[in-house]
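> Please work out how this folds:
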Amino acid sequence: SASSGASASASGSGGAPVSASPSRAAPTGNWEQLFTIGDGTAVDIAREVQHGQAGFLAIGERWEGSEGGPRITARTMWASADGLAWEIVPMPAQVGDSFVKTLITAPGGDYVLYYDVPLSEPGEWVPRAVRSSDGRTWEEVETGLPALIDIDSIERGALGYLLLGNQVGLPGGNPTIWLSDDGISWERVHEFRQDTEWVQVTDAGAGDEGFVVLGQRIAADSSSYRRFAFASSDGREWIESTAPFGPDDPDYRPDMVVAG
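Numbers count the residues shown, from 1 in each chain. Sure thing, here's the model as predicted:
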């Protein structure tokens with residue numbers, strides 16, 4: 001909502017809680033900056049913002065240059081009851097130095113945070129999840145997801161949750177699709193085989209009438225590709241449509257995204 005003449009931003013890259021509290025004016029349809037993170041000395045990113053029973057919750061990262069390239073030097077979580085006043089809250093203790101994947105909300109309004117835990121072998125990991133009703137106290141939950149699955153995205157629609165996964169850690173691992181009623185317990189509903197060509201899934205969407213996955217099938221020698229759309233009205237039976245956006249340009253492969 002817009003508020004005329006109010007101080008509407010604050011910097012929050014340090015460890016002390018900060019807040020932004022503009023005056024509560026009636027919405028006008030215009031956008032107003034309410035809060036910023038970072039002090040300009042590094043790259044600060046807010047990756048996810050979700051609304052649940054305790055208000056809004058956001059997660060962010062600070063990237064700084066180092067030998068070998070930029071790396072994450074800090075993670076931050078922000079909470080707001082109304083989207084106007086924000087404060088720093090601790091990241092879940094279970095996460096530690098693990099790589100955070102995504103933040104979603106469960107049907108009852110709880111927050112669910114997904115992250116990867118490294119295994120003993122280099123380059124191997126297992127996905128984990130923690131759940132919270134207030135964004136401050138977290139407990140680990142079982143998901144049924146296997147090790148080495150890379151969570152590309154989790155989409156929520158009227159018929160449930162869809163997880164798009166790439167098992168990149170497995171030799172010849174295939175992209176997979178998973179279905180869930182609660183965003184926590186997952187069932188694998190499809191696996192893309194890569195026997196004669198590469199399959200690259202790029203995005204997924206969940207709407208009122210089902211789910212859609214976008215991807216491309218690439219020749220083994222990468223000389224050509226064919227886009228496809230994968231659609232389902234229930235998350236279990238799927239129909240593939242080739243070249244959904246018309247003929248594919250062999251010299252240009254822009255990324256495609258879909259949203260419900």
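> residues contacting the most centrally placed residue in the chain?
Among the residues of the chain, the one closest to the centroid is Thr102, at 3.9 Å (CA atoms, centre = their mean). For Thr102, the contact set (CB atoms under 8 Å, 6 or more residues apart in numbering) comprises 48, 113-114, 151, 153-154. Every residue, glycine included, has its C-beta placed from N, CA and C.
> what about 6 Å?
114, 154 (CB atoms under 6 Å, 6 or more residues apart in numbering).
> Just the buried residues of the helix or strand harbouring Arg226, please?
For Arg226, the host element (DSSP states H and E) is strand 225-232. Neighbour-count burial for strand 225-232, counted by 16 or more other CB atoms under 10 Å, picks out 225, 227-232.
> got the contact list for it?
Here strand 225-232 has contacts from 210-218, 238-244, 248, using CB under 6 Å, 6+ apart.
> Same question for stretch 142-162.
By CB under 6 Å, 6+ apart, the residues outside stretch 142-162 that reach it are 101-102, 104, 114, 126-127, 129, 163-170, 180-181, 183-186, 204-208, 211, 260.
> Got phi/psi on Ala243?
phi 50, psi 60 (degrees, to the nearest 10).
> Skip the chain neighbours and tell me the closest residue to it.
Nearest residue to Ala243 in three dimensions, chain neighbours excluded: Arg227, at 5.9 Å (CB to CB, 6 or more residues apart in numbering).
> What residues are bridge-paired with the one you found?
Beta-bridge pairing for Arg227 (DSSP bridges): Gln216.
> Can you give me the pLDDT of it?
As predicted, Arg227 sits at a pLDDT of 93.
> and if you look at Arg136?
Looking at Arg136, its pLDDT is 95.
> any idea how far Ile59 is from it?
Distance of Arg136 to Ile59, given as CB to CB, to the nearest Å: 13 Å.
> what does Ile184 give?
Using CB to CB, we find Ile184 at a distance of 18 Å from Ile59.
> One more: Ser132?
12 Å.
> sorry, back to before: what's the following helix or strand after the strand holding Arg226?
Heading C-terminal from strand 225-232, the first helix or strand you meet, by DSSP H and E, is strand 239-242.
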